[in-house]
Each structure stands twice: as structure tokens, then as C-alpha cells.
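**Student:** what's the 3D shape of this:
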Amino acid sequence: MRPVLKSASYLLVHTPDMIVHNGTTVLTEKITTPDSEFLKTVESKIRSYEEVVNYAPNQVYIGNMKPEALREIEEPWCNHPVEGKREGKYGSIVPQDEFIAMLKVSDAFDLVFLNQEFTAKVKEVMQGKELYNESDLTALKDGVEQSEIDKMVADHAEPLIHEGKTVGCIKRAHDIDTNLTAHIIFENLVVKASGILAARELFLKSGLSPEDVEYVIECSEEACGDMNQRGGGNFAKAIAEKSGMVNATGSDTRGFCAAPTHSLIHAAALVASGTYKHVLVVAGGATAKLGMNAKDHVKKGLPVLEDVLGGFAVLVSEDDGVSPYVDLSATGRHTVGTGSSPQAVITSLVTNALDKAGLKITDIDKYSAEMQNPDITKPAGAGDVPAANYKMIGALAVKRGEMEKSKLNDFIKEHGVPGFAPTQGHIPSGVPIIGYAIDEIKEGRLNKVMVVGKGSLFLGRMTNLFDGVSFIMEKNEVAGAPEAQESGMDESKVKNLIAQAMRKLAETLAEEEEN
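**Tutor:** Prediction:
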């Protein structure tokens with residue numbers, strides 16, 4: 001069975017207060033340099049929800065603009081707002097108050113408490129929105145007295161802050177287990193809540209029933225567990241439970257930034273083997289990375305641009321004759337023996353996969369690798385990461401004799417996509433292009449797209465290795481074949497023909513048995 005990428009959804013959550021109270025950059029600064037100028041000014045540099053909605057890369061991420069439109073906007077893009085919308089073709093941008101409410105909704109152990117005033121207000125805001133249901137509002141209950149929250153915060157609870165005020169808290173889940181502190185529970189609930197919203201967005205946008213999903217793979221960068229199994233999991237099943245996927249089981253896959261691409265290959269293999277018909281790959285966001293490069297942004301007169309959590313969901317299903325398929329015979333991988341030079345990494349991930357398929361580098365219409373937003377990375381000294389990747393891929397095409405050197409700049413524009421994803425680690429790594437690519441391939445504007453995931457395994461201090469895998473999304477030729485169009489064959493007709501053949505076979509066997 002050939003696996004296809006059927007649908008994709010994307011989520012952003014604006015979290016201004018979490019930048020200051022939960023992002024590692026600000027928290028570290030509070031410990032090391034509590035009287036720094038950065039701490040005095042950072043809050044004044046945080047954007048409003050409206051500014052976040054009107055930020056062009058965010059509109060691209062949720063599907064209201066195509067990535068190429070960014071080339072027509074002068075950089076830095078944050079200085080040139082567009083007319084944005086909360087809802088997009090692939091997802092939405094959720095404000096902080098609703099997300100804090102979802103932390104309470106996601107809580108399965110009575111660890112999250114919100115005050116009465118905030119609860120009443122946020123219930124009104126959430127009422128009637130497609131993304132939420134009545135059981136969410138019921139789970140919020142009526143809230144508790146502010147004095148109770150203040151008492152819990154004084155006793156190791158993590159405060160939940162909105163518009164500068166403590167509106168709730170998250171209690172620790174164990175007195176001495178460092179893996180169940182209030183802060184860790186907070187981080188884990190953020191992953192769960194944003195994963196739930198990303199999954200719900202997919203079901204809303206695709207029309208697929210949650211009950212049809214049989215397996216879930218969660219691939220964010222956090223890991224939940226306790227002192228006896230620190231990364232035991234399972235975010236996947238926790239997200240499935242609150243997203244209506246009652247027929248699903250699942251597991252977590254971890255691989256730093258490369259995890260989403262690993263997970264999509266795993267999902268495609270599960271479908272190809274016939275083990276499951278529908279596999280959902282989903283990931284929530286990471287509060288640790290909020291404001292990660294904020295010091296550089298503020299220093300250079302820019303707003304704090306890492307002000308959103310990211311999330312996504314991709315549905316991998318059996319061949320429907322329409323959606324782009326994953327060619328599992330032509331995947332790329334960074335092996336233990338590959339080496340860490342940029343050329344070695346790109347060769348292992350790109351050209352090795354293409355050689356398996358008998359393709360040239362220029363046969364791929366678009367490449368998606370490390371889709372970080374250059375507004376964020378350039379001020380931090382990392383340059384335009386996607387453009388650097390495309391340049392390296394183009395240089396290999398020149399070296400292989402597949403393209404003239406004079407065409408290198410054209411290659412970057414024609415085969416690359418501007419970076420537009422928030423630096424949430426795993427979120428930019430290949431997957432932001434999938435929703436756009438599904439549509440472009442189905443509509444005949446693209447034929448082949450390569451998704452590349454790269455990861456920095458050395459961050460875990462267990463190995464100095466890099467990591468990475470890649471796969472190719474391809475046009476579903478079955479759907480485009482003239483004979484298929486002329487015959488007017490669809491799934492229901494095929495099923496009827498199979499049923500007729502089975503009945504005829506049964507009748508023949510019965511006759512033979514009588515004789």
C-alpha cells in the first residue's frame with residue numbers, strides 16, 4: 001500500500017508573558033545578571049497579539065499567504081506588517097488567554113488551577129469557537145479564589161501569568177521528584193495542549209473523523225516521565241485522548257530537530273506495511289525556546305520575535321489516488337559514518353536519496369530544510385539558514401555536472417522556499433512546507449518536493465554526531481493518468497467491482513462443491 005500525505009495543519013500560540021516567565025533566555029538572565037539593561041527593557045519590546053497576527057511569516061505558516069510572497073516584502077519583515085487573520089487555510093493563531101485555559105482542559109491530575117475572574121472571562125471568549133467544545137468549558141469549572149492560588153504559588157506551584165497578573169498556577173506532581181516539579185509539569189502540559197489544538201485543527205480542516213486515526217506519533221522536543229523513566233512518554237496517547245482519537249494508540253519519537261521527519265517516515269512505513277490505515281504525526285511547542293534570541297533582537301532595535309509556540313499535525317494515510325505519496329525507496333539518512341562537514345551532511349540527506357530514485361538535484365521542484373525565519377536568525381548571527389541550505393544543494397548540483405555554475409542564484413530562488421517558521425527547534429525542520437506542498441502538487445504546480453530534517457544530537461551530551469533524514473513527496477500519478485480519468489474510476493466503483501468478483505468467486509466455489 002502506497003502511503004500518502006493527506007492533510008496538514010499548523011498552530012501558533014502567542015505567549016507574551018511566557019517569554020518573560022518561562023523562556024530560558026530571560027530566566028537565565030534573571031539568575032546571572034538580575035540588574036541587566038535587557039531585563040529592564042525586554043517587556044516593552046514584546047509584540048501585541050494583533051502585531052503577531054499581522055506578521056507576514058505567521059500568515060504564511062497558517063496558510064493565508066504563499067511562502068513566495070515573502071520575497072516581495074522588504075526585510076526585516078517585522079517592519080512591514082500585512083493585513084492578517086487569526087484563521088488560516090491550515091490552522092490558526094491562538095491568543096494566550098485561550099491557551100492558558102487549554103492547560104486546565106489538558107490537565108488529567110488536578111494540578112492546574114485558574115482564578116474565578118479569569119475563568120469566567122475566558123469561558124466567554126471560547127464559547128462558540130470551532131476549536132473548542134462543551135467538554136472543554138465544563139473542564140474549566142468555575143475557578144478558585146485568588147487567595148488559594150497565591151498560597152499554592154508560595155508553596156512551589158508554577159504561576160500562570162496573563163497581562164502581568166497571576167491568574168492561575170500549576171502544582172508540582174511530587175514532593176521530591178525533579179521530573180515532576182511544577183515547572184516541568186507546566187512545560188509538559190504546554191506540549192500536550194498545543195498538540196491537542198494542532199490535531200483539532202487538522203480534523204477541522206481535513207474533514208477526517210478523529211475516530212479514523214489508528215496510530216499517533218508525537219515528535220516534539222520535550223520528554224515526559226518520572227524519576228524512574230525520565231522520558232518514558234507518552235504525549236501521543238495523551239493528545240489522542242483529548243482530541244477524540246478513541247481508536248488510536250501511539251508513541252513518542254525523539255530526535256531533536258530531525259524528529260518530525262523521522263516520524264513521517266515511520267508513519268509512512270506503518271501505512272505501507274498495512275499495519276494502520278491512518279497515522280497522525282503531531283507535535284506541540286516548547287516554552288524553553290520563547291525569546292531564545294531576544295537579547296540580540298532587543299540590542300538591534302527589533303521586537304522580541306520568538307513570541308509564539310508552534311505546533312503541527314500531518315495525516316499519513318493509505319493511497320487515495322489524489323494526495324502526494326511518499327517514496328520509501330528513496331529516503332536519505334545521515335549515518336554514523338557520514339561525518340559532520342556541511343557537504344557530507346547534504347550529500348547523505350539529498351543526493352544519496354536522489355541517486356536511489358535515479359533523479360538529479362534539479363528534478364526536485366522544492367526543497368525544505370531548516371525553515372527558520374531569517375528575521376529571527378540574521379540578527380542573532382546565524383544568517384539566512386534556508387538560503388544557506390539551498391546554496392549548498394545547488395553547489396552539489398554544479399559539482400555533479402547537473403547545473404551550470406551561473407545558474408546557482410536562480411536555483412536558490414526556483415528550488416528554495418523562504419524561511420517562515422518560528423525557531424521552536426523541531427517546528428522549522430522540513431515540515432512547514434507540507435501543507436503548501438500538498439496543495440501545490442495536487443493542483444499540478446509542483447511534482448516533487450523533498451523534506452529534510454536535521455538534528456543536533458550533541459546537545460544531549462551523549463554524542464558529537466549530527467543527525468538527519470529526508471524523503472520525497474511526489475505527485476500521485478494514478479490520479480493524473482488519462483486512462484484513470486477517462487474510465488471515471490473512483491473508490492466506490494473499485495469496491496463494487498471487487499465485491500462482484502468476490503461474489504462470483506464464491507458462487508463458482510459453491511458450484512464446484514456441489515458437483
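
**Student:** Report the helix or strand with the lowest average pLDDT across the protein.
**Tutor:** Ranked by mean pLDDT, DSSP states H and E, the helix or strand of the chain with the weakest confidence is helix 482-487, at a mean of 37.

**Student:** The residue nearest the centre of the chain sits in which helix or strand?
**Tutor:** Among the residues of the chain, residue 312 comes closest to the average C-alpha position under C-alpha atoms, centre = their mean, at 3.2 Å. According to DSSP states H and E, residue 312 maps onto strand 308-318.

**Student:** List the buried residues in the strand or helix carrying residue 270.
**Tutor:** For residue 270, the host element (DSSP H and E) is helix 259-272. Along helix 259-272, these residues count as buried under the neighbour rule (16 or more other C-beta atoms under 10 Å): 259-272. Heads up, the C-betas are built off the backbone N, CA and C, glycines and all.

**Student:** circling back to that earlier point, where's the residue nearest to the centre of the chain relative to residue 9, distance?
**Tutor:** As for residue 312, its distance to residue 9 is 7 Å (criterion: C-beta to C-beta, to the nearest Å).

**Student:** got the buried residues of helix 259-272 as a markdown table, with distance to residue 300 and pLDDT columns?
**Tutor:** Written out in a markdown table, the entries for the buried residues of helix 259-272 read as follows (distance: C-beta to C-beta, whole Å; pLDDT from 0 to 100):
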| residue | distance to residue 300 | pLDDT |
| --- | --- | --- |
| 259 | 31 | 97 |
| 260 | 30 | 97 |
| 261 | 32 | 98 |
| 262 | 35 | 98 |
| 263 | 35 | 98 |
| 264 | 36 | 98 |
| 265 | 39 | 98 |
| 266 | 40 | 98 |
| 267 | 40 | 98 |
| 268 | 42 | 98 |
| 269 | 45 | 98 |
| 270 | 46 | 98 |
| 271 | 46 | 98 |
| 272 | 48 | 98 |
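
**Student:** could the residues you listed go into JSON lines alongside distance to residue 448?
**Tutor:** Conversion of the buried residues of helix 259-272 to JSON lines gives the following (distance: C-beta to C-beta, whole Å):
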{"residue": "259", "distance to residue 448": "24"}
{"residue": "260", "distance to residue 448": "19"}
{"residue": "261", "distance to residue 448": "16"}
{"residue": "262", "distance to residue 448": "21"}
{"residue": "263", "distance to residue 448": "21"}
{"residue": "264", "distance to residue 448": "16"}
{"residue": "265", "distance to residue 448": "16"}
{"residue": "266", "distance to residue 448": "21"}
{"residue": "267", "distance to residue 448": "20"}
{"residue": "268", "distance to residue 448": "16"}
{"residue": "269", "distance to residue 448": "20"}
{"residue": "270", "distance to residue 448": "23"}
{"residue": "271", "distance to residue 448": "20"}
{"residue": "272", "distance to residue 448": "18"}
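
**Student:** Quick one: mean pLDDT over the strand holding residue 312.
**Tutor:** Over the span of strand 308-318, the pLDDT mean works out to 98.

**Student:** just stretch 391-406 next, same as before
**Tutor:** In this model, stretch 391-406 carries a mean pLDDT of 96.

**Student:** Repeat that for stretch 410-422.
**Tutor:** For stretch 410-422, the mean per-residue pLDDT is 97.

**Student:** same check, this time on stretch 449-459
**Tutor:** Confidence over stretch 449-459 (mean pLDDT, whole number) is 95.

**Student:** got the buried residues for it?
**Tutor:** Neighbour-count burial for stretch 449-459, with 16+ other C-beta under 10 Å as criterion, is recorded at 449, 450, 451, 452, 453, 454, 455, 457.

**Student:** Check stretch 30-41 too.
**Tutor:** Of the residues in stretch 30-41, none has enough neighbours to count as buried (16+ other C-beta under 10 Å).

**Student:** how about the buried residues of stretch 449-459, which pair is most distant?
**Tutor:** With distances taken as C-beta to C-beta, the most widely separated pair in those is 449 and 457, at 25.7 Å.

**Student:** residues bridging contact with residue 312 and residue 9, i.e. touching both?
**Tutor:** Between them, residue 312 and residue 9 share these contacting residues under C-beta atoms under 8 Å, 6 or more residues apart in numbering: 91, 198.

**Student:** Please verify my assumption that residue 442 contacts residue 324.
**Tutor:** Yes: judged on C-beta atoms under 8 Å, residue 442 makes contact with residue 324 at a distance of 7.1 Å.

**Student:** Now for these two: what residues contact both?
**Tutor:** Contact criterion C-beta under 8 Å, 6+ apart; residues bridging residue 442 and residue 324 by contacting each: residue 476.

**Student:** So between the two, which is more surrounded?
**Tutor:** Here residue 442 and residue 324 are compared on neighbour count by other C-beta atoms under 10 Å; more neighbours surround residue 324, at 25 against 16.

**Student:** Thought residue 5 was touching that one, still the case?
**Tutor:** Yes: under the criterion of C-beta under 8 Å, residue 324 lies in contact with residue 5, with a separation of 5.6 Å.

**Student:** any common contacting residues for the two?
**Tutor:** Residues touching both residue 324 and residue 5 (C-beta under 8 Å, 6+ apart) are 437, 438, 473.

**Student:** Does residue 122 belong to a helix, a strand or coil?
**Tutor:** Following DSSP: H, G, I helix; E, B strand; the rest coil, we place residue 122 in the helix state.

**Student:** Leaving out the residues flanking it, which one is nearest to it?
**Tutor:** Take residue 122 and drop its neighbours on the chain: the residue closest to it by C-beta to C-beta, 6 or more residues apart in numbering is residue 101, 4.5 Å away.

**Student:** Relative to residue 209, how far out is the one you found?
**Tutor:** Counting by C-beta to C-beta, the gap between residue 101 and residue 209 amounts to 25 Å.

**Student:** Look at those two and report which has more neighbours.
**Tutor:** Here residue 101 and residue 209 are set side by side on neighbour count (other C-beta under 10 Å), and the busier one is residue 101, at 29 against 12.

**Student:** measure that one to residue 198 for me?
**Tutor:** 16 Å.

**Student:** got it, and residue 72?
**Tutor:** Distance of residue 72 to residue 198, given as C-beta to C-beta: 29 Å.

**Student:** Can you read off the pLDDT for residue 478?
**Tutor:** Residue-level pLDDT assigned to residue 478 equals 59.

**Student:** So what pairs up with residue 8 in the strands?
**Tutor:** Here residue 8 sits in beta bridges with residue 314, going by DSSP bridges.

**Student:** and what of residue 326?
**Tutor:** Partner residues in beta bridges with residue 326, using DSSP bridges, are residue 473.

**Student:** neighbours around it, how many?
**Tutor:** Applying the criterion other C-beta under 10 Å, we find 24 residues in the vicinity of residue 326.

**Student:** just checking, it touches residue 1?
**Tutor:** No: at 11.5 Å, residue 326 and residue 1 do not qualify as touching, with contact defined as C-beta under 8 Å.

**Student:** if we can go back for a sec, and the strand holding residue 312, what other elements does it pack with?
**Tutor:** Based on contacts counted as 3 or more C-beta pairs under 8 Å, 6 or more residues apart in numbering; DSSP states H and E, the elements that strand 308-318 packs against are strand 3-14, helix 182-206, helix 259-272, strand 278-283.

**Student:** any chance of these in CSV, with distance to residue 308 too?
**Tutor:** CSV is the format used below for these (distance: least, C-beta to C-beta, whole Å):
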stretch, distance to residue 308
strand 3-14, 4
helix 182-206, 10
helix 259-272, 17
strand 278-283, 14
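
**Student:** which of the ones you listed sits most buried?
**Tutor:** Looking across the helices and strands packed on strand 308-318 with neighbours counted as mean count of other C-beta atoms under 10 Å, the highest average goes to strand 278-283: a mean of 30.

**Student:** what's across from the nearest residue to residue 349 once chain neighbours are set aside in the sheet?
**Tutor:** Distances taken as C-beta to C-beta, 6+ apart put residue 332 closest to residue 349, at 4.2 Å, once the chain neighbours are dropped. For residue 332, the beta-bridge partners under DSSP bridges are residue 470.
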